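**Student:** Show me how the following folds:
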Amino acid sequence: MAARRYDPAVDHPSRQPHVVVVVPVGTLEGAKSRLGIALDAEERHDLAERMARRTIEAAVATPGVAETLVVTPDDEVRRIALDAGARPIRQRGHGLNAGLREARDEAVAGGATALLVVPIDLPGITAEALAAIVRAVSEGTEPRVVLVPDRHGRGTNALAVAPPDAINFCFGGDSREAHVRGAREAGAELIELDGPLRLDLDTPDDLLLAEQLAPAVIGAARPAPTVE
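**Tutor:** Numbers count the residues shown, from 1 in each chain. Below is the predicted model of the structure:
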């Protein structure tokens, strides 16, 4: 199934959408260990905290979003979620995909017609960027899968599905290929979006790019060396 860009001239809503954003957050202690060459443990904790807060606030402020759920085992993150106006869910299972399944069950129980998964390591996160994904997943036929790949075309930096159980969550490794395959097997319409969410913070090189894109977000992070 070929991916295409969302076109508001041809995509029209089929029913009143109830879109829920899910923000998965692990423990802040030890977060982003792959940035250890550039940032010490305290700096990585502070960066993860800032990014979590910014991501949750952007999700809450996004037009068309009915609710923002933050699934996490971390009490500090739960407090950040409550302060931002989101609803925290204490993660019981182990691993990212298990936490997402728990959040999906909560969203479906609340009447969600679509789900948008957004990690916290996207320095280009804004309500406007998320709104483009919400529009794409809300308007048109179901099942529908909307994804934003990472800048290397291998990972998945944002994933929206309608209905919420249209495909399985396959984050980790080459998740873009896995999600595309899931959409194809489900007979879902697949839409891939470009834009500022394609940059995530996994490596020191990503950190250098993020410092140029959003220096206020990176804050006290030290300049990172380029990795060959």
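**Student:** From the contact counts, what lies against the biggest helix by length in the chain?
**Tutor:** The helix spanning the most residues in the chain, taking DSSP state H as the definition, is helix 41-61. On a contact count with 3 or more Cβ pairs under 8 Å, 6 or more residues apart in numbering; DSSP states H and E, helix 41-61 meets strand 19-24, strand 65-72, helix 75-84, helix 127-138, helix 215-218. C-beta coordinates here come from the backbone N, C-alpha and C atoms, glycine included.
**Student:** residues of it that come out buried?
**Tutor:** With burial defined by 16 or more other Cβ atoms under 10 Å, the residues of helix 41-61 counted as buried are 43-61.
**Student:** go on, stretch 97-115?
**Tutor:** 97, 99, 100, 102, 103, 104, 106, 107, 112, 113, 114, 115.
**Student:** ditto for stretch 173-190
**Tutor:** Buried, per 16+ other Cβ under 10 Å, within stretch 173-190: 175, 176, 178, 179, 180, 182, 183, 186, 188, 189, 190.
**Student:** any residues touching it, and which ones?
**Tutor:** 1-4, 140-147, 149-150, 153-156, 159, 161, 166-168, 170 (Cβ atoms under 8 Å, 6 or more residues apart in numbering).
**Student:** hmm, try it at 6 Å
**Tutor:** 1, 3, 143-145, 147, 149, 154-156, 166-168, 170 (Cβ atoms under 6 Å, 6 or more residues apart in numbering).
**Student:** Those: which two are farthest apart?
**Tutor:** 143 and 154 (23.5 Å; Cβ to Cβ).
**Student:** With neighbour numbers in mind, choose between these two.
**Tutor:** Neighbour tally, residue 143 and residue 154, criterion other Cβ atoms under 10 Å: the higher count belongs to residue 143, 16 against 12.
**Student:** need the contact list for the more buried one.
**Tutor:** Counted by Cβ under 6 Å, 6+ apart, residue 143 has contacts 166, 186, 188.
**Student:** can you do 8 Å?
**Tutor:** So, once contact is read as Cβ under 8 Å, 6+ apart, residue 143 ends up touching 161, 162, 163, 166, 167, 183, 186, 187, 188, 189.
**Student:** For the second one, which non-adjacent residue is closest in space?
**Tutor:** To tie it back to what came earlier, the one meant is residue 162. Leaving aside its chain neighbours, residue 162 sits nearest to residue 114 (3.7 Å; criterion: Cβ to Cβ, 6 or more residues apart in numbering).
**Student:** was I right about residue 129 contacting residue 193?
**Tutor:** No - using Cβ atoms under 8 Å as the test, residue 129 is too far from residue 193 to be in contact (9.1 Å).
**Student:** Overlap of the contact sets of those two?
**Tutor:** With Cβ under 8 Å, 6+ apart, residue 129 and residue 193 have no common neighbours.
**Student:** So, low pLDDT: which residues of the chain?
**Tutor:** The model of the chain has pLDDT under 70 over residues 1-15, 33-34, 36-37, 214-228.
**Student:** From residue 125, how far out is the residue most central in space within it?
**Tutor:** Nearest to the mean C-alpha position of the chain, counting by Cα atoms, centre = their mean, stands residue 118 at 1.3 Å. Residue 118 is 7 Å from residue 125, where distance means Cβ to Cβ, to the nearest Å.
**Student:** can you check residue 156 too?
**Tutor:** 15 Å.
**Student:** Comparing those two, which residue is more hemmed in?
**Tutor:** Taking neighbours as other Cβ under 10 Å, residue 156 and residue 125 compare with residue 125 leading, 26 against 23.
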